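Asks: Any chance you can model this:
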Amino acid sequence: MTQFYLNIRAIRERIGMTKKQMAEKLCIEPSTYGKQERGETHITVEQLFKISEILCVTPDYIINYQKYIEGSALDDQLRKENENMSRAIKEAVHITNDLQTRLNNHSRGITNLLFSELSKYSAKYEEPLSYEELLKYDPEILTEVYDIHSKQEYDECPLVYGVSPEGNLLAFAEMMGDSNMFFLFEINLVEEEYFLKLWKEYCERWEPKFEMKEKDGCTVISTTNPIFSEMLNELDSSKKKNA
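Replies: Take a look at the predicted model:
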């Protein structure tokens with residue numbers, strides 16, 4: 001039996017049609033059709049077109065059935081690979097979004113911590129804001145809140161206090177005396193632009209009190225401040241004794 005006749009049988013069986021049903025549609029005896037499908041008798045071109053019509057395929061599909069099913073198998077394989085890839089991408093996006101959410105929460109936590117710490121240091125730098133400063137940044141607070149309409153009225157009783165840019169930078173410099181605060185900046189965990197600007201101004205104006213150094217394959221704390229250096233040396237000695 002040639003591949004051509006095997007193809008007819010394979011397609012017929014795939015759609016669930018019996019030999020008897022096929023013979024009835026071809027208006028021939030089942031035994032006659034059986035011989036045709038087994039390749040014992042020749043199928044004419046006219047009969048091929050009739051069989052194709054009954055099987056709802058083209059003559060080319062019957063003749064090249066193996067190529068079609070191989071292509072279909074390849075399509076199935078590609079479809080499965082695409083589905084797997086799609087699932088992997090969705091999982092990766094989910095993981096990435098989850099990590100981004102955690103990083104955002106972490107970043108907000110660090111920002112809130114820095115604002116809280118800076119407010120402790122900046123409290124002592126609060127001073128009365130000048131009439132000109134209030135006019136520049138919040139003029140309505142003078143007239144609507146305090147009912148003040150002139151510089152003379154305000155100078156007689158300054159009511160609004162704040163921290164100047166210079167005072168804020170000094171407070172930040174004091175905060176950088178805390179090694180924990182310092183290393184938030186040193187290892188790039190701070191993203192808030194407000195604090196990055198203060199950090200830049202601080203580094204340009206003063207020599208940082210701490211720095212990171214590699215020692216015996218480990219990152220250790222060192223400091224340029226003699227007092228801090230002595231404290232760190234005592235801490236290091238204590239750790240070695242306990243070890």
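Asks: Secondary structure element for the residue positioned nearest the centre of the chain, which one?
Replies: When C-alpha atoms, centre = their mean is applied to the chain, the residue found nearest the centroid is T96 (3.2 Å). Taking DSSP states H and E as the criterion, T96 maps to helix 65-122.
Asks: Tell me the strands beside the helix or strand following that helix, with direction?
Replies: As assigned by DSSP H and E, the chain's next helix or strand after helix 65-122 is strand 126-128. Paired neighbours of strand 126-128 in the sheet (DSSP bridges): strand 161-163 (antiparallel).
Asks: buried stuff in the strand it pairs with?
Replies: G162, V163 (16 or more other C-beta atoms under 10 Å). Any C-beta I mention is one placed from the backbone N, CA and C, and that applies to glycine too.
Asks: Identify the residues contacting that strand?
Replies: Residues from elsewhere that reach strand 161-163 (C-beta atoms under 8 Å, 6 or more residues apart in numbering): S122, Y125, E126, E127, P128, L129, E133, A171.
Asks: Try it again at 10 Å.
Replies: Contacts with strand 161-163, where a contact means C-beta atoms under 10 Å, 6 or more residues apart in numbering, come from 118-119, 121-130, 133-134, 137, 168-171.
Asks: ends of stretch 16-33, how far apart?
Replies: Using C-alpha to C-alpha, to the nearest Å, one end of stretch 16-33 lies 16 Å from the other.
Asks: residues contacting L26?
Replies: T32, Y33, Q36, Q47, K50, I51, I54.
Asks: how near is the fourth one to A92?
Replies: As defined by C-beta to C-beta, to the nearest Å, Q47 lies at a distance of 55 Å from A92.
Asks: next one: V190
Replies: Distance of V190 to A92, computed by C-beta to C-beta: 28 Å.
Asks: So those two - more neighbours on which side?
Replies: V190 (20 against 10; other C-beta atoms under 10 Å).
Asks: Listing request: residues of the chain with sub-threshold pLDDT.
Replies: 1, 70-79, 81-83, 85-86, 89, 137-138, 158-160, 211-243 (pLDDT under 70).
Asks: looking at it, which residue lies furthest from center?
Replies: Of all residues in the chain, E29 has its C-alpha farthest from the mean position, at 68.1 Å, by C-alpha atoms, centre = their mean.
Asks: Now name the helix or strand holding the nearest residue to that residue once chain neighbours are set aside.
Replies: With C-beta to C-beta, 6 or more residues apart in numbering as the criterion, E29 has its nearest non-adjacent residue at 6.2 Å, and that residue is A23. Assessed by DSSP H and E, A23 sits inside helix 19-26.
Asks: Give me the helices and strands touching the helix or strand following that helix, please.
Replies: Going down the chain from helix 19-26, the next helix or strand is helix 30-37, by DSSP H and E. With contacts taken as 3 or more C-beta pairs under 10 Å, 6 or more residues apart in numbering; DSSP states H and E, helix 30-37 sits against helix 3-14, helix 19-26, helix 45-55.
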